[in-house]
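Trainee: my questions concern the predicted model and sequence given below.
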Amino acid sequence: MAGRASGFGASNKRAGVLATLRAGLFALAALAGAAIAADPQTLVIGNGTEPESLDPQKATGVSAGNVLRDLYEGLTGVSPSGDIIPAAAASWQWQDDGRALRLSLRAGLRWSNGDPLTASDYAAGLRRLLDPATASGYAKLFAAIEHGSEVIAGRLPPSALGLHADDVGTLSIRLDRPMPNLLSLLAHPAASPIHPADLARPPKPDARIGNGAYRLTEWVLQSRIALARNPAYWNDRQTAIDRLIYLPTEDLNSELKRYRAGELDVTTSIPATQADWIRRTLGGELHVATYLGSYFYGLNLTRPPFAGNKPLRQALSLAIDRPVIATKVLHDLATPAWSYIPPGIRDYRPQVPEWAHWPRARREAEARRLYAAAGYSADKPVQVEIRYNTSDDHKRIAVVIAAMWKQVLGADVKLVNEEWKVFLRHRRERRDTQAFRNTWIADSDDAQGFAEILDSRHPRNDSGYADAGYDALLLEAAQASDPALRRAKLEAAERKMLDDAPILPIYFYASKHLVKPRVGGWQDNILDWHYSKDLRLSGR
Amino acid sequence: MSGALLKRPAIAVPAAILLLIVLLAVVGPWLAPQPFDAIDFDADWGAAPSAAHIFGTDDLGRDLFARVCVGGRLSLAVGFVSTLVSLAIGIVWGATAGWFGGRIDAVMMRIVDILYALPFMFFVILLMVLFGRHWLLIFVAIGAVSWLDMARIVRGQTLALRRQPFVDAAVVSGLGNAAILVRHVLPNLLGVVIVCATLTIPQAILVESFLSFLGLGIQEPATSWGALVNDGARAMEATPWGLIFPAVFLVLTLLAFNLLGDALRAALDEPRR
Amino acid sequence: MLNRAAMRLLTAVPTLFVLVGLSFFLMHAAPGGPFDSERSLAPEIEARLAAQFHLDEPAWMQFGRYLGGLVQGDLGPSLQYESRSVASLIADGAPVSAAVGAAALLLALIGGVALGALAAMRRDGWLDRSVMVLALVGLSLPSYVVAPVLILVFALQLPWLPAGGWDGPASVLLPAVALALPQLAAIARLTRGALGEVLAAPWIRTARAKGLPERLIVFRHALKPALLPVVSWLGPAAAGLMTGSVVVEQVFGIPGIGRYFVQGALNRDYTLVLGVVLFYGALVIAFNFLVDLAYGALDPQARLE
């Protein structure tokens, strides 16, 4: 009996619950409407993968860099159009034939907590970067600072670095060899200063002391990184936007939907497969610009079939129809690459081979000739594995290249999709790989940074390309003080490498963003760096 | 018996639909204008359905009809093979536990209980990450996840069968345990097992599509309905046909299996009423 | 059933041990480590990092160390997210996943039982048929298709709800619906089947003969025994919700622990993955325990057993 009564009660309750739920739905919808409406003083930025750290010396990756450029200001900076401009340093002089740089800081610089910011805080940041105890992935960027290599290797203490704070407002940097990209690298977040308190004791992830135009107010992992304007910043008067929110947006399709729903103002990228649709419907909001990255296929030169078989490598390269990949696969969100080092690099001209200008039929005929010369035929096709890591675009490109090799040469191609960490391990071991997807994104617009990964001793030389001539040219370029000589050596090195074909260039990256019309001051630049302090918001 | 069953529309209709889909998956690729992995470099990619490509082409210019058929082969194979794996494990486990009863039963079913409490899908994800995407692994992993229900049902049925007089007769006549299980118990499990299998197949197909979503599915250029639906869902506004055709096949198949399973179970329950 | 509930508590510790052990050795057998990255750290730097997290020790020693920490309630530091502990990550993510999961479970229960009861009362009518076919379609639609369609309709066409993220209570709704749909369909089917059987029982026929209104019969007499299979389904349903949360959290960009699991597994964040697996395992066991208790309370036969 008791059971029955409670059963009836339950059904009454159930009706009640339904009614409450219905009422709740309307209330929630009203609330949501309020939350979605864009705040005129908050810029919401899609930021791709969640940063693993916001420690300027330890963090790697694009998404951390975006936030760090707002939180910390380097000695130099980058203008909205991509030029090197004074930032914390008001001026600088090169000395000693390019072997030393003396920077003068602005007067009255302060940290976000009000403490004075001095030249030695910048020196401390760089020492920490190169200190092996920090285990920074960016230490090698500054290896050319005096005794840098020894400090990185742990043979000398970080205090031995050629850095000297002459007084609170002056920093001198001595170099072991010329470093033409030093000024642009000083704008890199890895060269940020560090506050003595944060140096002494690692701060909580969401409580760092910075010196940028913004300070960190909240970091909820996988949810949002919130920033507010830093009143202690020297140029705070010029900062237009009060608050920033960086949203993690791993899934580009989800990001696109949120952008369309008005939940974010700037996207980290766009899905290539949607490009045509976006151009049709959101055309004016799409920003595509050349970017400092090269996408290529590496060939493992330490194993068959590519070891010692240059004609085969060249045949495979000629058989790839780059414009088809750039246009039909990537929907013009990339430029076809016939050479390795991208256009737009300072003091460098792309080394496009002659056959890039041939018509497709001639390239394919030459590819077939080389394929036969390499000892393969329809009866005895080469067997190649293409290895790529999980990603929609990598998959689509691999499918198309496999089809090209199959349809032009008759090669027997197998695709192997590996999950990221497995792929990295295999690529580095050079044991299981044959042809594999590879990428190099530069940290500054300097050709040496691209060229050096094919040096026989470089840890990212995944092809195992070991050519004494190439290494020698790079060394001569590194030691050249004359920019023209340096450039000639680097260009000669790339020509030599392209002829040997340890890698097959495929396309040059482009940065791709959707930017809401209410965001003002956005300019495309080759580094794809956009300081929030240079942006404005207008009412809609 | 089976003839009488097939006269019922509740069984005949889904069975006929399934037969048609299987037939299409098997012979379809020969009817397609180009092989499922061939790319026409001069044609329009991501084209809408037309006379040349009745389902349109995918974003790499491959014939979608051929891909839906080939994807169906894999999805159906995953459904059948991993159900077989789960049947094999589930029947042996359940029949053993049910037949011997007592402490053996208690221990074996306790293990099943424990396994139920494991977030099993998470192991499948770890396994796929670990061993890469071999199609054989997909079959085995999914089968290994879905045998628990089968074991429980078979065990219950075996327990009931044990009390039947004809089993007692077999025991008295001196037949060994194994012989009785194979000759008398297993044939009587057939009905339950068929019903359970019919309902496991759509589960397995769904699990495969879930793996495809996580990027852990079958290796391109091979494909499955799950992979096609997943690709299609991403660009559903720009190229809706990329989602609609594989999704219709996927849902129709799952629906038919579920309807068939329900109808078979109803038919099986009837004599008891 | 109470016996069974007690057994569950007793086996909880060995179950979790097996769980952690399996996950630990699977993770460590996978190629690639937490510090492999596009930029390849110098070997000496990588060795230093490995030593810092004791990854240079043999696997069994690391396992012992992990268990030692576990006994003291320490899940270790995350290898991927700098200076964050696994415990704090789970503490941040679990309420989010729990909110979505609980809303989905509630939705599935209420919606499923209501639809199932409706179908059973109109057995073999058009309403019954269409509800059951709809339920089957619901079971057959993968959530990664349902979720984007929901976003398209309710966030873009009708701008009522957020398209993603975790920003206020409205963010719960769409993910909860996407997550609930297959469970709702399953519960509707179960309720309809069980209620149909109960409604055919002699004592209900007696009640009907007495002239009790049908609604009263269903809600006062028939529903409670018919809910038994639904209650025992809640265990698998909870497990299904957890699996589904992996997809839904990714599509909606929700900071829950299902997302941590996939990210952690792909990034070889060993401690994070173990922590999440452990948490899920404990949750499933606890949930099944509660289900056993509820079953015992509802079913007089089970109470006697």
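Mentor: That came through, no problem.

Trainee: residues in chain B within reach of chain A, list them.
Mentor: B:37-39, B:41, B:45-46, B:59-61, B:129, B:132-133, B:215-216, B:219-221, B:234-235, B:237-238 (C-beta under 8 Å from any C-beta of the partner chain). C-beta here means a position set from N, CA and C on the backbone, and glycine is covered the same way.

Trainee: one more: the stretch 101-250 of chain C?
Mentor: Checking the stretch 101-250 of chain C against chain A by C-beta under 8 Å from any C-beta, the hits are C:110, C:113-114, C:148, C:151-152, C:155-156, C:159-173, C:219-221, C:223-224, C:250.

Trainee: restricted to helices, list these.
Mentor: C:Ile110, C:Val113, C:Ala114, C:Pro148, C:Ile151, C:Leu173, C:Leu223, C:Lys224, C:Gln250 (DSSP state H).

Trainee: specify which member of these is nearest to B:Val207.
Mentor: Nearest to B:Val207, judged by C-beta to C-beta, of these is C:Gln250 at 16.8 Å.

Trainee: show me what residue of chain B gets nearest to chain A.
Mentor: As assessed by C-beta to the nearest C-beta, chain A sits closest to B:Ala238 within chain B, at 3.7 Å.

Trainee: show me the contacts for that residue.
Mentor: A:Thr273, A:Gln274, A:Asp276, A:Trp277, B:Gly46 (C-beta atoms under 8 Å, 6 or more residues apart in numbering or on different chains).

Trainee: check A:Val384 too.
Mentor: A:Pro305, A:Leu316, A:Trp405, A:Ala411, A:Asp412, A:Val413, A:Lys414, A:Gln434, A:Ala435.

Trainee: quick one: the helices in chain C?
Mentor: Taking DSSP H as the test, the helices found in chain C are C:2-29, C:43-52, C:59-71, C:86-121, C:126-140, C:143-151, C:173-199, C:202-209, C:214-216, C:223-226, C:228-252, C:257-267, C:270-298, C:300-304.

Trainee: please tell me I have it right and B:Ile39 contacts A:Ala403.
Mentor: Yes: using C-beta atoms under 8 Å, B:Ile39 is in contact with A:Ala403, at 4.3 Å.

Trainee: these two: which has the busier surroundings?
Mentor: Counted by other C-beta atoms under 10 Å in any protein chain shown, B:Ile39 and A:Ala403 do not tie: B:Ile39 has more neighbours, with 25 against 21.

Trainee: picking up where we left off before, ok, and the most crowded of the contacts of B:Ala238?
Mentor: That'd be A:Thr273 among the contacts of B:Ala238, by other C-beta under 10 Å, with 25 neighbours.

Trainee: and that residue, how close does it get to chain B?
Mentor: 5 Å (C-beta to the nearest C-beta, to the nearest Å).

Trainee: to what extent is the residue lying closest to C:Thr11 once chain neighbours are set aside buried, counted in neighbours?
Mentor: With sequence-adjacent residues excluded and distances taken as C-beta to C-beta, 6 or more residues apart in numbering or on different chains, C:Thr11 is closest to B:Ile114, at 5.8 Å. By the criterion of other C-beta under 10 Å, B:Ile114 has 18 neighbours.

Trainee: the helix or strand where B:Ile114 lies versus helix C:2-29: what angle between them?
Mentor: Remark: B:Ile114 resides in helix B:102-116, with elements defined by DSSP states H and E. Between helix B:102-116 and helix C:2-29, the angle comes out at 60 degrees (axes from the mean of the first three to the mean of the last three C-alpha atoms, to 10 degrees).

Trainee: dump the next helix or strand after helix B:102-116 to PDB, keeping only the CA atoms.
Mentor: Heading C-terminal from helix B:102-116, the first helix or strand you meet, by DSSP H and E, is helix B:120-131. C-alpha atoms of helix B:120-131 as PDB (Å, rounded to 0.1, in the frame of the first residue of the first chain):
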ATOM      1  CA  PHE B 120      35.700  -0.300 -21.800                       C
ATOM      2  CA  MET B 121      35.500   2.200 -24.600                       C
ATOM      3  CA  PHE B 122      38.500   3.900 -23.000                       C
ATOM      4  CA  PHE B 123      40.500   0.700 -23.500                       C
ATOM      5  CA  VAL B 124      39.500   0.500 -27.100                       C
ATOM      6  CA  ILE B 125      40.800   4.100 -27.500                       C
ATOM      7  CA  LEU B 126      44.100   3.200 -25.800                       C
ATOM      8  CA  LEU B 127      44.400   0.000 -27.900                       C
ATOM      9  CA  MET B 128      43.900   1.900 -31.100                       C
ATOM     10  CA  VAL B 129      46.400   4.500 -30.100                       C
ATOM     11  CA  LEU B 130      48.900   1.800 -29.200                       C
ATOM     12  CA  PHE B 131      48.700  -0.600 -32.100                       C
END
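
Trainee: residues making contact with helix B:120-131?
Mentor: Counting by C-beta under 8 Å, 6+ apart, A:419, A:422, B:137-138, B:141-142, B:145, B:207, B:210-211, B:214, B:216, C:22-23, C:26-27, C:29-30, C:239, C:242-243, C:246, C:261-262, C:265-266, C:273, C:277, C:280 sit against helix B:120-131.

Trainee: filter those down to the buried ones and hand me the ChimeraX line.
Mentor: Burial among the contacts of helix B:120-131 is assessed by 16 or more other C-beta atoms under 10 Å in any protein chain shown; the matching ChimeraX selection reads:
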select /A:419,422 /B:137,138,141,142,145,207,210,211,214,216 /C:23,26,27,30,239,242,243,246,261,262,265,266,273,277,280
